[in-house]
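# Output the structure for:
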Amino acid sequence: MSAHASGSLSGPASGPASGPISAATRRSILLLSLATFSSMAAQRICDAMLPELARVFAVGLPQAAQVVSVFAVTYGVSQLFYGPLGDRLGKFRVVTFATLGCCIGSALALFAASLDTLVFARLLMALGAAALIPLAMAWVGDAVPADQLQEMLTRTGLGSTLGIVGGQLMGGLLTDALGWRWAFGFLLLLFSVVGLLLFRDLRLQNAATVSVSPVPPVASGAPAATTAARPHFLKQALVIVSGKWSRTVLLMAVVEGAVGFGVLAMWASHLHRSLGLPLSMCGAIVALFGLGGVGFMVVGRRLIRRMGQQGLVLVGGALVGVSALVLAFTPHWAPAIPASLLAGFGFFMFHNTMQANATQMMPQARGTAVSLFASCLFLGQSLGVVLAALLVERIGSSAVVALGGAAMALEGAYFAWALKRRDAAARLAV
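Residues are numbered from 1 along each chain as shown. Model prediction:
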């Protein structure tokens, strides 16, 4: 697989032939976007409430941060299970029942009487939420023509981006106004509604499949007809990680998870500690990170064509680095607002390019490939959260936020260089 500098993807066909996307497919993509919103909201909803959880349960910030790190570890490890499961049973079907399964963890978190119970509830929640984003991406890769893939991924990515906003904002607002338990009540309602909508769409897909052909397509909620011929997951994973470019993408995912999503979990706590802002305001400011991502989704199509993948990751990483420095050392809360917005815009310039490359690592086993990518991303996040929480106690939150931004800028520069080398090698091969 190679990608041209323009940002379009080349290589083996990754989906159906180019043409207009049907209304039914667009409806399914919209519902998958709601599922990715729910997954990301569940991930980020605890960020702004960490200081309150530390106070309520009389523990330090590193102990309270387990509600984030355990979620991320479980989320990452679960990818190794959901990827092949989605390839065999149907990606949309697995997403549907995983969404409904998240209701169990949300309900347990709502009534948790101790930090240990809350951490266990977050583990259960992560077991279900882990399926939503990677299998939604893989389903889109199966259902959408290759020349429209990155553009459509920006639309499904809109759900996860808004999930960052919703999770951090609702986590801070509900914790301040009504108490931290209400945030998990919000998640319980969200997963219930989205799960039921997905279930209804799954039945419509199955009914349409039966009426058209006795053999269901890969992109439907049913498993593919060629499932039995697929190699074992370990063989698929070995093929993926044996590729030089695939290893680069997976390594970049680990670093991105650690210095991007991982350190991001400390931003609200940093503003609360350094500027004395209420948790609701901290959550609202950090939620602008997600709104910055929404801004990229709006103009993403034009930027992808104008800047190409190299430009997106280089400029995106630089924006995150500069914005993190501002947020780390600002003596007043006002500059943190544009800094958080620009950081989100830049981060999703980088992240969208990573997603597009992840979906193309192994098109014939896209669920497994994307799940490996997501596993690396969120294992990196778990490491980043734990390390950031420990470093906050030793060198201060300002230094941690600044270091995270600098590392993100360096990663953007390195990945742009790697993309340039790959494209040059592809041109020589042709």
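# Ala41 and Leu80: what is the separation?
24 Å (Cβ to Cβ, to the nearest Å). Quick note: C-beta positions are derived from backbone N, CA and C, even for glycine.
# higher neighbour count, the two?
Legend: neighbour count by other Cβ atoms under 10 Å for Ala41 and Leu80, higher for Ala41 (28 against 18).
# Tell me who's in contact with the closest residue to that one other than its chain neighbours.
With sequence-adjacent residues excluded and distances taken as Cβ to Cβ, 6 or more residues apart in numbering, Ala41 is closest to Gly167, at 3.7 Å. Going by Cβ atoms under 8 Å, 6 or more residues apart in numbering, Gly167 touches Met40, Ala41, Ala42, Gln43, Arg44, Ile45, Asp47.
# Report pLDDT for the closest residue to the fifth one other than its chain neighbours.
Same thing as Arg44. Spatial nearest neighbour of Arg44, excluding adjacent residues (Cβ to Cβ, 6+ apart): Gly167 at 3.5 Å. As predicted, Gly167 sits at a pLDDT of 84.
# how close does Gly167 get to Leu238?
Gly167 sits 35 Å away from Leu238 when distances are taken as Cβ to Cβ.
# what mean pLDDT does the one helix or strand Ala107 maps to have?
Using DSSP states H and E, Ala107 sits within helix 91-110. The predicted model assigns helix 91-110 a mean pLDDT of 93.
# next one: stretch 37-44
90.
# so how far is it from its chain's centroid?
Mean C-alpha position of stretch 37-44 versus that of the full chain (Cα atoms, centre = their mean, to the nearest Å) differs by 9 Å.
# part of a helix, is Ala113?
No - assessed with DSSP: H, G, I helix; E, B strand; the rest coil, Ala113 is coil; it does not lie in a helix.
# Got the confidence number for it?
pLDDT, Ala113: 90.
# Please apply the same query to Ala225.
40.
# and if you look at Ala253?
90.
# can you count the residues close to the nearest residue to Leu187 once chain neighbours are set aside?
Spatial nearest neighbour of Leu187, excluding adjacent residues (Cβ to Cβ, 6+ apart): Ser106 at 4.4 Å. Ser106 is flanked by 28 other residues according to other Cβ under 10 Å.
# Kindly indicate which of the contacts of Gly167 lies nearest Leu187.
Each of these was scored against Leu187 by Cβ to Cβ, and Ala42 proved nearest at 5.7 Å.
# Correct me if wrong: that closest one contacts Met125.
Yes - taking Cβ atoms under 8 Å as the definition, Ala42 is a contact partner of Met125 at 5.6 Å.
# Need the residues touching each of the two.
Both Ala42 and Met125 are in contact with Phe71, Cys102, Ser106, Leu187, where contact means Cβ under 8 Å, 6+ apart.
# ok, back up a step: and the residue nearest to Leu187, what does it touch?
By Cβ under 8 Å, 6+ apart, the residues touching Ser106 are Ala42, Ala121, Met125, Phe184, Gly185, Leu187, Leu188, Phe191.
# Distance-wise, check Leu197 relative to Gly290.
Applying Cβ to Cβ to Leu197 and Gly290 gives a distance of 22 Å.
# Which strands or helices does the next helix or strand after the helix holding Ala107 pack on?
Note on helix 91-110: by DSSP H and E, the next helix or strand toward the C-terminus is helix 115-129. When contacts are defined as 3 or more Cβ pairs under 8 Å, 6 or more residues apart in numbering; DSSP states H and E, helix 115-129 packs onto helix 23-44, helix 66-89, helix 91-110, helix 181-212.
# Give the buried residues for helix 115-129.
Residues of helix 115-129 classed as buried by neighbour count (16 or more other Cβ atoms under 10 Å): 115, 118-129.
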